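[1] fold the following for me, if possible:
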Amino acid sequence: MQQRPLSQVARVIRSKNCSPFTLTLDIILPDRPTFDAVQASGVLNREAFARLYRCGLEDVGDVIHYPPALAVKVTIRRLKTSGSFGDSDVYGAQQHGPLLDGLLVPVP
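    Now for the predicted structure:
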């Protein structure tokens, strides 16, 4: 099966605050065959998110695949609390960058 960077496959890749201490990452795929292929591959897993976000496995929550929305959601601990000194993204809306080209996913 062919593989492509996630940014070339997903319809939406975004990040946002889940709380002042955590970020939620959302990935929405274009269709059911693509969603099924990505889910079956196991490429979107806690280890991959820990590697991409340079954090410990304990900082990554469960990777939730939600078929009705063709979506994948994961929560990770923020490196800096939202709004604290040194935080560069109070809303967490610019933290999806590592997902864009850091993961190759299967394309049916």
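
[2] residue 58 belongs to a helix?
    Yes - under DSSP: H, G, I helix; E, B strand; the rest coil, residue 58 sits within a helix.

[3] spit out the contact partners of it.
    Taking C-beta atoms under 8 Å, 6 or more residues apart in numbering as the definition of contact, residue 58 has no neighbours. C-beta coordinates here come from the backbone N, C-alpha and C atoms, glycine included.

[4] what pLDDT is listed against it?
    pLDDT, residue 58: 97.

[5] now do the strands in this structure.
    Here the chain has its strands, by DSSP state E, at 2-5, 12-19, 22-28, 64-66, 71-77, 104-107.

[6] packing partners of the longest one?
    On a contact count with 3 or more C-beta pairs under 8 Å, 6 or more residues apart in numbering; DSSP states H and E, strand 12-19 meets strand 22-28.

[7] quick one: least confident helix or strand in the chain?
    Lowest by mean pLDDT, DSSP states H and E among the helices and strands of the chain is helix 97-102, with a mean of 88.

[8] nearest the geometric middle of the protein, what residue?
    residue 25 (4.3 Å; C-alpha atoms, centre = their mean).

[9] thinking again about what came up before, with respect to residue 51, which of the strands of the chain lies nearest?
    Proximity to residue 51, assessed across the strands of the chain by C-beta to C-beta, is greatest for strand 71-77 (11.7 Å).

[10] just give the number of residues close to the closest residue to residue 39 other than its chain neighbours.
    Nearest non-adjacent residue to residue 39, counting by C-beta to C-beta, 6 or more residues apart in numbering: residue 65, 4.9 Å away. By other C-beta atoms under 10 Å, the residues close to residue 65 number 19.
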